[in-house]
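For reference, the sequence and a predicted model appear below.
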Amino acid sequence: MEFVVSTQVLENYGAHAEDGKYSSGNAYWKFKHGSDYIVKDVERDADAMAFVQALLHKDGNNLGWKEFPIDVKTKREWMHDINKLDEEYKAFKLQVAREVSPKRHV
């Protein structure tokens, strides 16, 4: 089965000019965009979400940037929502969605 995990990003503006640490008073986090990950080769929504969380952690959440899962849907549900968008935004969302699989990402 295929699932789509949507994420949220936080960016720490304090990490650009200062050390970005709370202890220094330089942390300044802002919500940013997120991404959609099409997860293949899993059987349950929780498996898809856990896999994306592990992938994001491995790829480097750090003091300046954090990305984390916020929602999971079947690909069919996600496509139903995508089909409600205007054609240009729909094409963009389909183009930038990242396909991932635990069989390909070790």
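Received, thanks.

need the contact list for the nearest residue to E43 once chain neighbours are set aside.
Using CB to CB, 6 or more residues apart in numbering and skipping the chain neighbours, the partner closest in space to E43 is M1 (6.0 Å). For the C-beta atoms, the positions are set from N, CA and C on the backbone; glycine is no exception. When contacts are counted by CB atoms under 8 Å, 6 or more residues apart in numbering, M1 touches 42-43, 74.

Which helix or strand lies directly C-terminal to the lowest-mean-pLDDT helix or strand in the chain?
Ranking every helix and strand in the chain by mean pLDDT, DSSP states H and E puts helix 14-17 at the bottom, with a mean of 78. Proceeding N to C from helix 14-17, the next assigned helix or strand is strand 29-32, under DSSP states H and E.

elements contacting the helix or strand following that following strand?
Per DSSP H and E, the first helix or strand lying C-terminal to strand 29-32 is strand 36-39. The helices and strands touching strand 36-39, judged by 3 or more CB pairs under 8 Å, 6 or more residues apart in numbering; DSSP states H and E, are strand 3-12, helix 45-58, strand 98-100.

and among the ones you listed, the most buried is which?
Highest mean neighbour count among the helices and strands packed on strand 36-39 (mean count of other CB atoms under 10 Å): strand 3-12, with a mean of 19.

partners of that strand in the sheet?
Sheet pairing of strand 3-12 (DSSP bridges) gives strand 29-32 (antiparallel), strand 36-39 (antiparallel), strand 65-74 (antiparallel).
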